[in-house]
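**Q** Pasting the sequence and the predicted model now:
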Amino acid sequence: MSGHGPAIPMTARPSGPLRGTAQVPGDKSISHRALILGALSVGETRITGLLEGQDVLDTARAMRAFGAEVTQHGPGEWSVHGVGVGGFAEPDGVIDCGNSGTGVRLIMGAMATTDITATFTGDASLNKRPMGRVTDPLAEFGAQSFGRSGGRLPLTLIGAAQPVPVRYTLPVPSAQVKSAVLLAGLNAPGQTVVVEAEPTRDHTERMLRGFGAEITVADMTEGRVITLTGQPELQAQPVAVPRDPSSAAFPVCAALLVPQSEILVPGVSQNPTRNGIYLTLQEMGADLVMENPRSEGGEPVADLRVRHSPLRGIAVPPERAASMIDEYPVLAALAALAEGVTVMRGIRELRVKESDRIDAMARGLEACGVRVEETEDSLSVHGMAQVPGGATVQTHIDHRIAMSFLCLGLAAQKPIRVDDASPIATSFPVFEDLMRALGAQITRENT
């Protein structure tokens, strides 16, 4: 899947009220980790609710290439027969991670302390993204990497024959880097320590503990200190994947934008390292209620009831960025119809996602008639009573850019067209059908 397929232009038109129940797919972050930890465990891991987007399917294929037995039994129902910590076999071919930065970085971590060699590639978007932020700490374990300039894919990683544990302080908040280091630490003797100044999503820590690893988390003066004892025997576990809060943000924001809308989004993860978007929406005045809070698979979840609301612009606290980094594109779209200015600071990380998301959102909003201001690590959106729309937006092979502008098009004065919606399949393959079932006027163009 390294070659990007034919473009699929889509258009969103002003819509009537959105109504109904939005069954969003399983959490992508947890789906990746369930497959990888299942492959590193002894026994059979049964997974329910797995996201079957292309990103996760690429990770499943990679785990097979490293020797695990990965089987689909039905929609969302999968099993993984693992090979144990340090048991990865050397793959016969190149590991193609498609569009997934999470997949490639976590898989690199998982193999970096095993004495094997693997070559990684991806699609045009992934091959532009920086990998040095992962390969640098993996080198401290003893791994070697050889890639294109700037540490970009395609890249060959030679695992450490005699790995050593490391103590690593994250230079930027990144759950992907943290997770890669922790997964590498599994096959290193002694204790591997990761220090993060700002907490990032903690699914890896939670799931490692669930699979039997010895891991502690302590809040210290230097930050959040995570200590993992290496060379455990991970035991296969059942994993129930909660629904993805990042995917849920799209129907939630669409319902907030379209007058007279009311929808229910059940079973959405409310992990405190992932729920920043919902706190922000409530601060903006959203009629958003968390119903039936409960725990599923070790993760807090709730049903989200959302009603159209008049919104006001706010300054989003920059320390919240790590808990909502993937939701800023749809927040920027929403902010276009909020009263006043919405200021998003501390979001430099968006520059190195599937696209430069600050630039992509700024240019797209300007094309739709919205005033914006940007710096290297901020974006300000000046809300207006009505968004003109009527533009074609460049998505830059980025699923979240595509979905964000399709949501905005439902409430703009004129339709908004995105040049290519095909990347949506990487994370939210049922987006189109789900939104149409709620009443959204989203159509594909004949190509």
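**A** Here it is on my side, so go on.
**Q** C-alpha only now, for contacts and for neighbours.
**A** Noted.
**Q** quick one, what contacts Thr117?
**A** Counting by C-alpha atoms under 8 Å, 6 or more residues apart in numbering, Thr117 makes contact with Glu90, Pro91, Thr156, Leu157, Ile158, Gly159.
**Q** Please repeat the previous calculation with a cut-off of 6 Å.
**A** Leu157, Ile158, Gly159 (C-alpha atoms under 6 Å, 6 or more residues apart in numbering).
**Q** who wins for neighbours among those?
**A** Gly159 (26 neighbours; other C-alpha atoms under 10 Å).
**Q** That one is in contact with Ala118, isn't it?
**A** No - using C-alpha atoms under 6 Å, Gly159 is not in contact with Ala118, being 8.3 Å away.
**Q** Mind checking which of the contacts of Thr117 land in strands?
**A** Leu157, Ile158 (DSSP state E).
**Q** With distance to Arg167 added, can I get the contacts of Thr117 in TSV?
**A** TSV is the format used below for these (distance: C-alpha to C-alpha, whole Å):
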residue	distance to Arg167
Leu157	21
Ile158	21
Gly159	18
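**Q** Okay, helices next: where are they in the stretch 101-250 of the chain?
**A** The residue ranges that make up the helices of the stretch 101-250 of the chain, judged by DSSP state H, counting those that start in this stretch, are 101-111, 132-141, 175-185, 203-210, 245-257.
**Q** Rebuild those as JSON lines, extending it with mean neighbour count, mean pLDDT and distance to Ala302.
**A** As requested, the helices of the stretch 101-250 of the chain are exported to JSON lines (neighbours: other C-alpha atoms under 10 Å; pLDDT from 0 to 100; distance: least, C-alpha to C-alpha, whole Å):
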{"stretch": "helix 101-111", "mean neighbour count": "26", "mean pLDDT": "97", "distance to Ala302": "25"}
{"stretch": "helix 132-141", "mean neighbour count": "21", "mean pLDDT": "97", "distance to Ala302": "33"}
{"stretch": "helix 175-185", "mean neighbour count": "28", "mean pLDDT": "97", "distance to Ala302": "23"}
{"stretch": "helix 203-210", "mean neighbour count": "19", "mean pLDDT": "94", "distance to Ala302": "17"}
{"stretch": "helix 245-257", "mean neighbour count": "26", "mean pLDDT": "98", "distance to Ala302": "10"}
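**Q** which stretch among the ones you listed comes nearest Val42?
**A** Proximity to Val42 (C-alpha to C-alpha) singles out helix 203-210 among these, at 13.4 Å.
**Q** Let me know the angle separating that closest one from helix 175-185.
**A** Using axes from the mean of the first three to the mean of the last three C-alpha atoms, to 10 degrees, the inter-axis angle of helix 203-210 relative to helix 175-185 is 30 degrees.
**Q** could you dump helix 203-210 to CSV, C-alpha only?
**A** The C-alpha coordinates for helix 203-210 follow below in CSV (Å, rounded to 0.1, in the frame of the first residue of the first chain):
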residue,chain,number,x,y,z
HIS,A,203,-2.3,3.4,26.4
THR,A,204,1.0,1.7,26.1
GLU,A,205,1.6,1.9,29.9
ARG,A,206,-1.9,0.7,30.7
MET,A,207,-1.7,-2.2,28.2
LEU,A,208,1.9,-3.3,29.2
ARG,A,209,0.7,-3.6,32.7
GLY,A,210,-2.4,-5.6,31.6
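**Q** now for it, which elements pack on it?
**A** Counting contacts by 3 or more C-alpha pairs under 6 Å, 6 or more residues apart in numbering; DSSP states H and E, helix 203-210 packs against no other helix or strand.
**Q** For it, what is the distance to the chain centroid?
**A** Here helix 203-210 is found 17 Å from its chain centre; the criterion is C-alpha atoms, centre = their mean, to the nearest Å.
**Q** Same check on stretch 192-201?
**A** 18 Å.
**Q** of all the contacts of Thr117, which comes closest to Pro14?
**A** Pro14 has its nearest neighbour among the contacts of Thr117 in Leu157, at 48.7 Å by C-alpha to C-alpha.
**Q** Not counting sequence-adjacent ones, nearest residue to that closest one?
**A** Ser145 (4.4 Å; C-alpha to C-alpha, 6 or more residues apart in numbering).
**Q** what do you get for Thr156?
**A** Thr119 (4.1 Å).
**Q** Could you tell me how many residues sit around the one you found?
**A** 20.
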